[in-house]
Structures are given as C-alpha cells and as structure tokens.
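Participant: sequence-free structure coming up:
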Ligand code: NAP
C-alpha cells in the first residue's frame with residue numbers, strides 16, 4: 001500500500017518490464033516475494049497485462065511509466081519509489097532498443113538514440129538508486145548487456161558500443177560500492193526469443209549456436225534471480241553470459 005513501509009519485503013525496479021526479458025525478470029522477482037515496480041515506456045497495455053498475470057499468480061507490484069532516456073523522469077521515478085517504500089533493494093537495468101545498420105549508413109540519430117537508451121538510461125536510473133542503497137548497506141544491481149557488447153556484432157556498432165559501455169560501467173560501479181554490500185553485475189544474453197530479435201534470420205543464426213536453439217526469457221530471469229539472492233553476495237563486477245555457448 002502506498003505510504004506503508006515494510007522493511008522485510010524487498011523492493012525491486014525492473015526497467016523495460018513490458019518486453020520479453022523484462023516480463024520474465026519482473027515475474028520471477030515478484031513470485032519470489034519481492035514488490036516489483038514494472039517500468040515501461042510506451043506499451044501500457046502489455047505492461048498492464050503482465051502486472052495482472054503477476055498478481056493473479058500471487059505476486060505483488062505496480063506499474064511505473066517513464067522514459068529512461070530522460071534524466072528528470074528517471075530521477076522522479078526513483079524518488080517516487082523511495083517516497084512510497086522508503087528504499088530500493090534491487091535494480092534491473094533491462095530497458096533497451098536496437099537500431100541495426102552498417103556504420104556507413106548510420107546517422108547520428110541512430111547512434112544517439114541507442115546510446116541514450118541503453119547506456120545513458122543506466123546512468124539516469126542508477127545514480128539515485130545507489131544513493132539510497134549506500135546507507136542501507138544492501139543492494140543488487142543487474143545490468144542487461146549483450147553478447148554483442150562482448151564480441152561486437154556487424155550491423156550493430158551503436159548497440160555493441162552501448163552494451164560494451166554497460167559492461168565497463170558495471171565493473172567500475174562494482175568497485176566503488178562493493179564495501180557497502182551492494183553488488184553490481186552484468187548479464188549478457190545471446191539470442192533470446194523476444195520481439196527484439198523478430199526479423200533476424202533466425203534459422204541461419206540458430207545454426208551458429210552450439211546449443212542449437214534460441215534462449216528463453218525465463219533462462220535469463222533465472223540468473224538474475226540468483227544474482228539478487230543472499231547467496232550471490234560475493235559475486236560483483238562480473239559479466240555472466242547466457243548464450244547457448246556462442247561465446
Ligand atoms: P523487447 O521485448 O523489445 O523489450 C524492450 C523493453 O525496453 C520494452 O519493455 C520497452 O518498453 C523498453 N524500453 C525501450 N525503450 C525504453 C525507454 N526509453 N524507457 C523505458 N523503457 C524502454 O526486448 P527484450 O529482448 O526483452 O530486451 C530486453 C533487454 O535485453 C534489452 O536491453 C536488450 O538489449 C537485451 N538483450 C536482448 C537480447 C535478445 O536476444 N532478445 C539479447 C541480448 C540482450 P515499451 O515497449 O513500453 O516502450
């Protein structure tokens with residue numbers, strides 16, 4: 001309930017929770033007892049359906065619309081969570097877009113929008129959340145990177161740069177706040193069955209994956225769930241691939 005602070009329930013924010021991977025993460029966190037703020041940008045209908053599914057399965061949460069590209073809106077959203085719940089324990093920076101093309105055709109706006117969403121979005125959302133976690137001496141931050149950020153991917157100079165940047169930011173922030181019992185890790189999925197990979201030559205791609213199949217959003221959520229647990233307290237600054245052996 002708004003205004004009621006229950007310290008024993010962990011509070012989580014999942015950005016991009018109206019998408020395939022975000023939905024699975026939000027669901028996993030909520031069904032394991034956390035109160036989850038489900039962020040979305042444009043797709044209220046989908047976000048609402050996901051929240052309904054969570055609640056009908058016994059979980060708890062609420063919707064929180066904001067654009068991670070906006071520093072003002074992101075900070076307003078974090079302040080709202082803190083004013084309602086007094087804290088934020090878990091932050092999953094999952095919101096992301098791709099806008100693929102060869103670099104020679106890429107316009108500044110194709111570069112900028114991907115960097116603004118995937119990398120600056122991390123900064124906009126995380127800064128105030130960390131400020132809240134520090135005095136409480138607890139926090140779990142998980143950044144959803146990508147195999148493209150580890151290897152580079154042709155046609156994805158903008159996306160690969162944003163996801164590699166997220167890995168650098170993860171490692172640096174992990175070192176800054178490790179002593180306060182706040183872990184910061186990156187999860188780097190390969191090809192996961194969501195709307196984001198629609199339109200890609202999936203038959204050809206699957207042949208290059210040692211596991212011989214695409215990944216499922218729930219498989220990404222499972223590792224995020226573990227990284228949020230007490231048992232994962234000594235894992236920080238890491239990049240955990242979930243890619244069927246492609247890297
Ligand atoms: P998706 O189904 O397309 O979902 C993307 C999510 O990001 C949606 O909820 C979308 O919200 C949200 N979003 C986009 N721009 C936003 C903004 N400016 N502010 C707030 N939210 C925003 O994609 P997905 O596959 O689940 O991807 C989730 C994350 O995993 C992304 O960071 C992606 O780069 C990463 N990833 C995916 C794969 C894959 O194979 N699928 C592989 C590696 C990494 P609205 O729809 O409400 O606008």
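Facilitator: Nice, I can see it. Bear in mind the structure is a predicted one, so any value in this text is a computation, not a measurement.
Participant: for the lengthiest helix in the chain, which positions count as buried?
Facilitator: Assignment by DSSP state H gives helix 157-177 as the longest helix of the chain. For helix 157-177, the neighbour count (16 or more other CB atoms under 10 Å) marks 157-167, 169-171, 173-174, 177 as buried. Just so you know, the C-beta spots here come from the backbone N, C-alpha and C atoms, and that holds for glycine as well.
Participant: give me every residue that touches the residue lying closest to residue 153 once chain neighbours are set aside.
Facilitator: With sequence-adjacent residues excluded and distances taken as CB to CB, 6 or more residues apart in numbering, residue 153 is closest to residue 160, at 5.3 Å. Going by CB atoms under 8 Å, 6 or more residues apart in numbering, residue 160 touches 146, 148, 149, 151, 152, 153.
Participant: Would you tell me whether stretch 188-196 gets close to the ligand?
Facilitator: Yes: applying CB under 6 Å from any ligand atom, one finds stretch 188-196 touching the ligand at 189, 191, 192, 194, 195, 196.
Participant: And the buried ones among these, selectable in ChimeraX?
Facilitator: Buried subset of the residues of stretch 188-196 next to the ligand, written as a ChimeraX selection, criterion 16+ other CB under 10 Å:
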select :189,191,192,194,196
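Participant: got a markdown table for the residues of stretch 188-196 next to the ligand, with pLDDT and secondary structure too?
Facilitator: Compiled in a markdown table, the residues of stretch 188-196 next to the ligand are given as follows (pLDDT from 0 to 100; DSSP: H, G, I helix; E, B strand; the rest coil):
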| residue | pLDDT | secondary structure |
| --- | --- | --- |
| 189 | 98 | strand |
| 191 | 98 | coil |
| 192 | 98 | strand |
| 194 | 98 | coil |
| 195 | 97 | helix |
| 196 | 98 | helix |
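Participant: Which pair in the residues of stretch 188-196 next to the ligand has the greatest spatial separation?
Facilitator: Using CB to CB, the two most remote members of those are 189 and 195, lying 14.0 Å apart.
Participant: what about the spatially most central residue of the chain, distance to residue 22?
Facilitator: Ranked by distance to the mean C-alpha position of the chain (CA atoms, centre = their mean), the top residue is residue 94 at 2.0 Å. Between residue 94 and residue 22 the distance is 5 Å, computed by CB to CB, to the nearest Å.
Participant: same deal with residue 60?
Facilitator: To residue 22, residue 60 is 17 Å away according to CB to CB.
Participant: So for these two, which sits in the more crowded spot?
Facilitator: residue 22 (27 against 14; other CB atoms under 10 Å).
Participant: Enumerate the residues of this protein near the ligand.
Facilitator: 15-16, 18-22, 39-43, 67-69, 94-97, 117, 144, 146, 189, 191-192, 194-197.
Participant: For the buried ones among these, write the corresponding ChimeraX selection.
Facilitator: Listed next is the ChimeraX selection for buried residues among those, using 16+ other CB under 10 Å:
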select :15,16,18,19,20,21,22,39,40,41,43,67,68,69,94,95,96,97,117,144,146,189,191,192,194,196
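Participant: Mark which of the residues of the chain next to the ligand are part of helices, please.
Facilitator: Checking the residues of the chain next to the ligand against DSSP H, those in helices are 20, 21, 22.
Participant: List phi and psi for residue 101.
Facilitator: Main-chain torsions, residue 101, degrees, to the nearest 10: phi -170, psi 160.
Participant: same thing with residue 12?
Facilitator: Dihedral angles for residue 12 - degrees, to the nearest 10 - are phi -120, psi 150.
Participant: what sits against it?
Facilitator: 26, 29-30, 34-37, 88-92, 228.
Participant: Buried ones from the residues you listed, can you make that a ChimeraX selection?
Facilitator: Those of the contacts of residue 12 that count as buried under 16+ other CB under 10 Å are selected in ChimeraX with:
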select :26,29,30,34,35,36,37,88,89,90,91,92,228
